[in-house]
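1. this one's sequence-less:
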């Protein structure tokens, strides 16, 4: 008997080699160039174009970026930089503009002197936007001479031509040179063509902080809304903005800006009365949420300088241990920005989340250490405040360690011992397949335990409101009965002993009543996760359950209704049909039996969950500070401003 194999798996010759021309590779594999084809990838198109304008500002030739989000779904970006080169590139026989927008790995960021420091690594930014747009148009102004080229799915409609009718938008540039880009994302490529403008505006605000003196103007045509960002103080203003709802411990925000070994380093930081750290880092204006070598250099310099100053001035005695990295994090707000030659810039991973250049560590460490030594000597009050803050943090760390060791001895904290008695665990041991429901109330917890899928759903009932961890150090949290149980159930530890590899569940679902008290309890848990187990939030492991508010019965049928608006629609439909129906309101999860809780809130096929994600870290930090902090005035203003958006429990 002959073994017949699939020809596609056995033949491999010249006929099986495919050559993709022009921008075909981008359209064929968009994820390789923009990360994804969901809303995140869609937003990336805008930031690629805007980054080109920011690069013009970085080299000192642009002062303004104007961005329009239009009703037709297109985006327009105008800057007052040098204007894209349009002269013909002789060896290719086409203009430099067409070459840069249609030929992969062609551009001004490959060492020919156009840009020394930019965020563009591979020369595919604008051309990726072109390839993934159903329409794109570029206009350029060079000393009053306007040129234009249009494209469809990356293919030029005509060669670059001089025009006499430039778009009226150029009036915003007051006759200055610049580049004007309009594009419409291709619905054949993207899952959605609706931009997340809120997230993009957060990014633009950061760009404005990182490039002092650069003005951003944003216009949203549908909302007829205009927003501007301009910060003369740069990242120093950024730190002060992040801390505006906290009590500063320093009289002067630390700031330094220097170039060492061809690396431009800019750092600002301040200590506040907060117990939490808020450190944001950037490389060539690209946010690095996982830090990298520049952040490591900053931390090393900060620790050395503070320890030396504390020893020298008697804040640390000879018998005292030096401060640790954990100690100096408490209450620290910092922004670290480095700019390297784009030819040597290296990121770890496809998403540019972590700077990989080893030389950045030494440069930043030198820049910060020398400047901070001088700062502490010249500002003894600030030096004293910083040292006293770190002394309190050190004592709290030692107290937390003692509390943790006590718990470990009782076989509780880090997963090596007995799980808490209240926890109804699941059978599945693979954390990527398991869920933990953190349920408010014993009665709801009982129903959840009965109604769950025991294979992969665990339930942890915790009755009543928990500690507000916005204003609590780690030792108090570990000593709290409810958080002690929760930390034990998660299995990964906390603080300096946190180990993500030991996490027992990759989906943590906060399940509380759909009322004011339930919302408060959810906020308390979210505060804990965001402030003390931030890794869980950043990895997308934290959710909030959305139980329905109402149950409608009509005949032998029933329907669960999530919101008041949905109830109104349902009621009108039933009244128009002439059918009789009854509406009952759930006052809490405890009113639901096991079957109802499964159908409405636990069944993956029918439930609604809110995934907790951090779109704007600065805004998230500010919101937690306002809502959960001690200051009353900012919270009152927040409530007054957002009162119309509130869901009332009446």
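-> Received, thanks. Every value quoted in this text rests on a predicted model; they were computed, and no experiment measured them.

2. and the pLDDT at residue 579?
-> In this model, residue 579 is scored at 85, pLDDT.

3. ugh, wrong one, residue 398
-> 86.

4. what's the burial count for it?
-> 13 (other CB atoms under 10 Å). Bear in mind the C-beta positions are built from the backbone N, C-alpha and C, glycine included.

5. am I right that it sits in a strand?
-> No. Assessed with DSSP: H, G, I helix; E, B strand; the rest coil, residue 398 is helix; it does not lie in a strand.

6. identify all contacting residues around the helix or strand harbouring residue 205.
-> Assigned by DSSP states H and E, residue 205 belongs to helix 197-210. The contact list for helix 197-210, computed with CB atoms under 8 Å, 6 or more residues apart in numbering, reads 43, 46-47, 50, 54, 65, 67, 69, 214-216, 218, 220, 227, 229-231, 234-235, 237-238, 241, 282, 285, 287, 335, 337, 615-616, 618-619.

7. which of the residues you listed are buried?
-> Using 16 or more other CB atoms under 10 Å as the burial test, those include 43, 46-47, 50, 54, 65, 67, 69, 214-216, 218, 220, 229, 231, 234-235, 237-238, 241, 282, 285, 287, 335, 337, 616, 618 as buried.

8. in helices, which of these fall?
-> Members of the buried ones among the contacts of helix 197-210 lying in helices (criterion: DSSP state H): 43, 46-47, 50, 54, 234-235, 237-238, 241, 618.

9. which among the residues you listed gets closest to residue 602?
-> If you rank these by distance to residue 602 using CB to CB, residue 43 comes first, at 32.7 Å.

10. for residue 36, see how far away that closest one is.
-> According to CB to CB, to the nearest Å, residue 43 and residue 36 sit 10 Å apart.

11. also residue 213?
-> Counting by CB to CB, the gap from residue 213 to residue 36 is 34 Å.

12. same question, residue 221
-> 26 Å.

13. isn't residue 81 right next to residue 60, touching?
-> No. Counting by CB atoms under 8 Å, residue 60 is not a contact partner of residue 81; they are 9.9 Å apart.

14. of the two, who's got more company?
-> Between residue 81 and residue 60, counted using other CB under 10 Å, the more crowded position is residue 81 (24 against 9).

15. need the nearest residue in space to residue 590, chain neighbours excluded.
-> residue 443 (3.7 Å; CB to CB, 6 or more residues apart in numbering).

16. which stretch of helix or strand covers the one you found?
-> Going by DSSP H and E, residue 443 is in helix 442-451.

17. how about stretch 37-45: buried residues?
-> For stretch 37-45, by 16+ other CB under 10 Å, it's 37, 39, 41-45.

18. er, stretch 147-159 I mean
-> Here stretch 147-159 shows 147-149, 151, 153-154, 156 as buried, counting by 16+ other CB under 10 Å.

19. residue 601 touches residue 607, doesn't it?
-> Yes. With contact defined as CB under 8 Å, residue 601 reaches residue 607; the gap is 5.4 Å.

20. pLDDT weak spots in the stretch 551-650 of the chain?
-> 631-650 (pLDDT under 70).

21. the same query, at a cut-off of 50, please.
-> Across the stretch 551-650 of the chain, the ranges flagged by pLDDT under 50 are 648-650.

22. then the stretch 401-550 of the chain?
-> Ranges of the stretch 401-550 of the chain meeting pLDDT under 50: 411-416.
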